[in-house]
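>>> Please work out how this folds:
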Amino acid sequence: SIYRLGMIYYERRDIDKAIYYFTQAANQNHSNSLYQLGIIYSDNIYKPVDIMKAINYFRQAANQNDNLAFLKLGQIYYEGKYVDRNIKKAIYFFTKADCYYNQNVLIELGLIYYFGEYFPRDINKAIYYFTKAALQNNSSAQFMLGNIYYKDNDIKRDIKIALSYYTLAANQKNSEALYKLGIIYFKGKYVNQDIKKAIDYLNQAAIQNNRDAQYKLGSIYFEGLYVKYDIDLAIKYFKSVSHLNQYAKNNLGIIYKTGKGVESNLNDSIYYFKEAIKQFGDSVAMFNLAHIYFYEEAGFLDLDEAIKLLVQSSKQYIPYSFDLLCLSVLKKFDSPKKSNLQQFFINIDKESGLSIADRVIERIEVCNFKEENNYLVKFNDLMNINLVYYDNKIDNMTEKKKIEFNDPRPELNLFFYEGLGFDLL
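I've put the predicted structure just below:
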């Protein structure tokens, strides 16, 4: 047939001859030929895109109930690359097609109703389309259904259903589902905590380069909560994700600064803090780097840079930043005049400098930091502060240390052994 001749030349990449034969067949309302002409003028491979011509061919094919033509028209209006985006038209063409066997379209429809960016959110329609795709073993749809039943404001939480969908997706190596299951079993909020199972799921996700899983594993081994502290594994996972994750960069800086389980290396520490600042503007890394400069931990003092960094971290309300800023000012100026200090901070930050200077002066006066003993007390209090991220929380102490600091003995035992003043030794 004429259409088959067109396909022969199309596969040989003789596009002009292919177009000739497709056009001959299209003039006889041959739907496959109309569709192929639409593809040629829309895919930007053999011919420059002529989207109006492509749409015209797709519409003619769609008029003959060509499902693929409906899908292409839906995609054109959904993507909005060559025409103005029109979600209503996209949905119209998607639903006109026999799309129930096209998983990608089902997911797109599900996402449209799930996010409610173009229409009022409709969680039931989202579930409907995701379920159609999930029944075809689409792991992305299964993952989305897991999310809906795990935590969605418009539907009652159902952990059993959520876990079943997450597990279906995880069985197909969906890294997001593997990560989610790992977190669920690690936290043990809605299921019995199972650290072994959690680590297994997180490892499977990490092997597939799931960045969240890699960072979580780094945090787990860095903190040593529920597992044996393993600084080598912590470094491995933090490094694997550090180019995309400011928390990992900052934590690597702390690891090489403190040298717990690894040789201390202030050059590496400074490098990671600087990278976290340069790449992400990380305010925790700013505090940690300023701390090194103030306490001369790398063998040199740099108060000007420390103050600049602390101004920024203080504006983000990073713990301990403002007090260290006050000490840095006193270390630099001893007894600074108010006008000089105001101008100094204005030179650092034109917008906020004046108010920062006034707050610093007030803090110094209220806490009487000019008095040597008060200064030294605060100096010593801040000396061992190393701010790290545990997940996305900022702290100077691991959860494990917090637990260890709390005496686990019941109050009765505390009273019996200590309240009576007995010396057991």
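>>> Arg131 and Leu145 touch, don't they?
Check again: residue 131 is Thr, not Arg. Yes - Thr131 is within contact range of Leu145, at 6.7 Å (criterion: CB atoms under 8 Å). (C-beta placed from N, C-alpha, C; glycine too.)
>>> How far away from the center of its chain is the helix or strand harbouring Lys332?
Assigned by DSSP states H and E, Lys332 belongs to helix 321-333. On the basis of CA atoms, centre = their mean, to the nearest Å, helix 321-333 sits 34 Å off its chain's mean C-alpha point.
>>> list the helices and strands it packs on?
helix 283-294, helix 303-315, helix 338-348, helix 353-367, helix 372-383 (3 or more CB pairs under 8 Å, 6 or more residues apart in numbering; DSSP states H and E).
>>> Give me the average confidence score over that helix.
Mean pLDDT, computed over helix 321-333, is 96.
>>> one step back: in terms of neighbours, single out the busier of Thr131 and Leu145.
Leu145 (24 against 16; other CB atoms under 10 Å).
>>> quick one: what helix or strand has that one in it?
Secondary structure from DSSP H and E places Leu145 in helix 139-150.
>>> any weak-confidence spans in the chain?
Low-confidence segments of the chain (pLDDT under 70): 98-101, 397-425.
>>> repeat that for 80
Along the chain, segments meeting pLDDT under 80 span 97-102, 334-336, 391-392, 397-425.
>>> Now Thr258: closest residue in space, sequence neighbours ignored.
With CB to CB, 6 or more residues apart in numbering as the criterion, Thr258 has its nearest non-adjacent residue at 6.0 Å, and that residue is Asn386.
>>> surely that neighbour meets Asp395?
No - the criterion here is CB under 8 Å, and Asn386 misses it with Asp395 at 9.9 Å.
>>> contacts for stretch 14-31?
With contact meaning CB atoms under 8 Å, 6 or more residues apart in numbering, stretch 14-31 is reached by 1-3, 5-7, 9-10, 32-34, 36-37, 40, 46-47, 57, 60-61, 64, 66, 69.
>>> do stretch 244-254 as well
With contacts defined as CB under 8 Å, 6+ apart, stretch 244-254 is touched by 211, 215, 218-219, 222, 234-235, 237-239, 241-242, 268-273, 275-276, 279-280, 282, 284-285, 288-289, 386-389, 391-392.
>>> Just the C-alphas of that stretch, formatted as CSV.
C-alpha atoms of stretch 244-254 as CSV (Å, rounded to 0.1, in the frame of the first residue of the first chain):
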residue,chain,number,x,y,z
LEU,A,244,23.8,18.0,46.0
ASN,A,245,23.4,18.2,49.8
GLN,A,246,24.6,21.1,52.0
TYR,A,247,23.9,19.1,55.1
ALA,A,248,26.3,16.4,54.1
LYS,A,249,29.0,19.0,53.2
ASN,A,250,28.7,20.7,56.6
ASN,A,251,28.8,17.3,58.4
LEU,A,252,31.9,16.3,56.5
GLY,A,253,33.5,19.6,57.7
ILE,A,254,32.7,18.7,61.3
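>>> re earlier: could you list which residues are in contact with the residue nearest to Thr258?
Asn386 makes contacts with Ile254, Lys257, Thr258, Asn288, His291, Asn396, as judged by CB under 8 Å, 6+ apart.
>>> Mind picking the two most distant members of those?
Greatest spacing in these, by CB to CB: Lys257 and Asn396 (13.0 Å).
>>> more crowded one of these two?
Between Lys257 and Asn396, counted using other CB under 10 Å, Lys257 has the larger neighbour count: 23 against 13.
>>> which SS class is Glu296?
Under the three-state scheme (DSSP: H, G, I helix; E, B strand; the rest coil), Glu296 adopts coil.
>>> hmm, I was thinking of Ile394
Under the three-state scheme (three-state DSSP), Ile394 adopts strand.
>>> and it, how many neighbours does it have?
Burial measure for Ile394: 16 neighbouring residues, criterion other CB under 10 Å.
>>> Is it bridged to anything, and to what?
The bridge-partner assignment for Ile394, based on DSSP bridges, gives Tyr389.
>>> Now do the strands in the stretch 51-200 of the chain.
Secondary structure of the stretch 51-200 of the chain, counting by DSSP state E, counting those that start in this stretch: no strands present.
>>> I'd say Asn288 and Lys257 touch.
Yes - checked against CB under 8 Å, the pair Asn288 and Lys257 is within contact range at 7.3 Å.
>>> Now do Glu362: how many residues are near it, please.
Neighbours around Glu362, by other CB under 10 Å: 11.
>>> And the one 3 residues further on, by the same measure?
Neighbours of Glu365 under the rule other CB under 10 Å: 10.
>>> Over to Phe130?
If you count neighbours by other CB under 10 Å, Phe130 ends up with 28.
>>> Test my guess that it contacts Ala141.
Yes - at 4.5 Å, Phe130 counts as touching Ala141 under the criterion of CB under 8 Å.
>>> Mutual contacts of the two, please.
Common neighbours of Phe130 and Ala141 (criterion: CB under 8 Å, 6+ apart): Leu106, Ile107, Gly110.
>>> Nearest to Phe300 among those?
Distance ranking of the shared contacts of Phe130 and Ala141 against Phe300, using CB to CB, places Ile107 first at 55.9 Å.
>>> contacting residues for the closest one?
Tyr129, Phe130, Ala133, Asn138, Ser140, Ala141, Met144.
>>> Please identify which pair of those residues lies farthest apart.
Using CB to CB, those span at most 11.8 Å, a distance reached by Tyr129 and Ser140.
>>> the more surrounded of these two?
Here Tyr129 and Ser140 are set side by side on neighbour count (other CB under 10 Å), and the busier one is Tyr129, at 25 against 21.
>>> Do I have it right that that one meets Leu109?
Yes - Tyr129 is in contact with Leu109 according to CB under 8 Å; the separation is 4.3 Å.
>>> Can I take it that the residue nearest to Thr258 is in a helix?
No - looking at Asn386 with three-state DSSP, it is coil, so not inside a helix.
>>> give me every residue that touches Ile39.
Contacts of Ile39 by CB under 8 Å, 6+ apart are Ala54, Lys72.
>>> and the helix or strand containing it, which residues are buried?
Per DSSP H and E, Ile39 falls inside helix 31-40. Of the residues in helix 31-40, Ser31, Asn32, Ser33, Leu34, Tyr35, Gln36, Leu37, Gly38, Ile39, Ile40 count as buried by neighbour count, 16 or more other CB atoms under 10 Å.
>>> Might you report the residue contacts of the nearest residue to the last one once chain neighbours are set aside?
In other words, Ile40. Counting by CB to CB, 6+ apart, Ile40 lies nearest to Lys47, which is 5.4 Å off, once chain neighbours are set aside. Lys47 makes contact with Ile15, Ile40, Tyr41 under the criterion CB under 8 Å, 6+ apart.
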